[in-house]
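# Could you look at this predicted model? Sequence included:
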Amino acid sequence: MHQVLILVEGYTEERFVKTVLVPYLLDFQINMIPTIITTKRVITGSNYKGGLLSFAQLERELKLLFHSSNTILFTTFIDYYGLPTDFPGLDTAASDPYQRVKHVERELSEALGDPRFLPFVMLHEFEAFCFVDPAEFMECEEKASELAVASLQASGPEKINQQPATHPAQRIESSFPSYDKVIDGVAIAELIGVDKLRDACPHFRKWLDQVVGQAKA
């Protein structure tokens, strides 16, 4: 069994990894173990976890993970939307979101400098997965259709833009006020399934293929 450690932004991503990705990757003899990024360490009690505040924070947490000698691959699951302004690669002027996120990932890889590190930055955030098949929002067919139209107009879930009023999570919360990111978001992604997520999200598919390929190399 090949061990892969993944540093995730929050509880939603952790749940997604455990619920959706782990069963999928086990077929490839890969054991993916998520760690939620720590936002504050305390002397007594539990550390505060969840939320990406700066590149320095991510760098610190990754370097702690890098001490694991029995891990063949380290990766991340963080949102492109809302990345801290000190992140490497945000200076690109590319208009295409795929070019922008690839530039950020390339700069992250160079900044960390560990050959075992394969960064993944989600376009534009986790909720893009819910746009792969909005019919899984069973509360209201009309609202689900609106989400489907938004995905079609953007030419795919990963291209739904990152403006404050129109980024994926905001669109969902506006249509479904009771939406719970951790519970509902992951449940919908699980219902959709990895195969559909891969088909509709090229950036996600490429990363997942790289995880499998590098872990088994």
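Structure received.

# use CA for all of it now, contacts and neighbours both
Fine.

# as a whole number, average confidence for the longest helix along the chain?
The longest helix of the chain (DSSP state H) is helix 97-112. For helix 97-112, mean pLDDT rounds to 95.

# Give the next helix or strand downstream of it.
Sequence order places strand 117-118 as the next helix or strand after helix 97-112, per DSSP states H and E.

# Within the sheet, what are the partner strands of the helix or strand that that next one is followed by, with directions?
Using DSSP H and E, the next helix or strand after strand 117-118 towards the C-terminus is strand 121-122. The strands beside strand 121-122 in its sheet (DSSP bridges) come out as strand 73-79 (parallel).

# Restricting to C-alpha, output the partner strand in PDB.
The C-alpha coordinates for strand 73-79 follow below in PDB (Å, rounded to 0.1, in the frame of the first residue of the first chain):
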ATOM      1  CA  LEU A  73       3.800  11.600  -2.100                       C
ATOM      2  CA  PHE A  74       2.500  14.800  -0.500                       C
ATOM      3  CA  THR A  75      -0.200  16.900  -2.000                       C
ATOM      4  CA  THR A  76      -2.800  19.600  -1.100                       C
ATOM      5  CA  PHE A  77      -6.500  20.400  -1.500                       C
ATOM      6  CA  ILE A  78      -7.000  24.100  -1.200                       C
ATOM      7  CA  ASP A  79      -9.400  26.500  -3.000                       C
END
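
# Which parts of this protein are helices?
11-16, 22-26, 55-65, 97-112, 141-153, 168-175, 186-192, 194-200, 202-215.

# Mind putting those helices into a markdown table with distance to residue 71 and mean neighbour count?
Formatted as a markdown table, those follow (distance: least, C-alpha to C-alpha, whole Å; neighbours: other C-alpha atoms under 10 Å):
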| stretch | distance to residue 71 | mean neighbour count |
| --- | --- | --- |
| helix 11-16 | 18 | 21 |
| helix 22-26 | 15 | 16 |
| helix 55-65 | 9 | 15 |
| helix 97-112 | 16 | 17 |
| helix 141-153 | 37 | 17 |
| helix 168-175 | 33 | 19 |
| helix 186-192 | 26 | 20 |
| helix 194-200 | 24 | 16 |
| helix 202-215 | 9 | 16 |
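
# Quickly, which of these bottoms out on average pLDDT?
helix 141-153 (a mean of 71).

# Give the burial count for residue 28, as a bare number.
14 (other C-alpha atoms under 10 Å).

# Now it: closest residue in space that isn't a chain neighbour?
Leaving aside its chain neighbours, residue 28 sits nearest to residue 212 (7.0 Å; criterion: C-alpha to C-alpha, 6 or more residues apart in numbering).

# before we move on, back to that, so which of the helices of the chain gets nearest residue 73?
Among the helices of the chain, the nearest to residue 73 by C-alpha to C-alpha is helix 202-215 (6.4 Å).

# picking that back up, list the contacts of the longest helix of the chain.
59, 80, 87-90, 92-94, 117-121, 123, 159, 203 (C-alpha atoms under 8 Å, 6 or more residues apart in numbering).

# go on, stretch 126-135?
Here stretch 126-135 makes contact (C-alpha under 8 Å, 6+ apart) with 13, 79, 141, 144-145, 147-148, 151, 156-158, 160, 168-169, 181, 185, 188-189, 192, 196-197, 200-201.

# pLDDT on that stretch, on average?
Stretch 126-135 comes out at a mean pLDDT of 89.

# and it, how far apart are its ends?
This stretch, stretch 126-135, spans 17 Å end to end (C-alpha to C-alpha, to the nearest Å).
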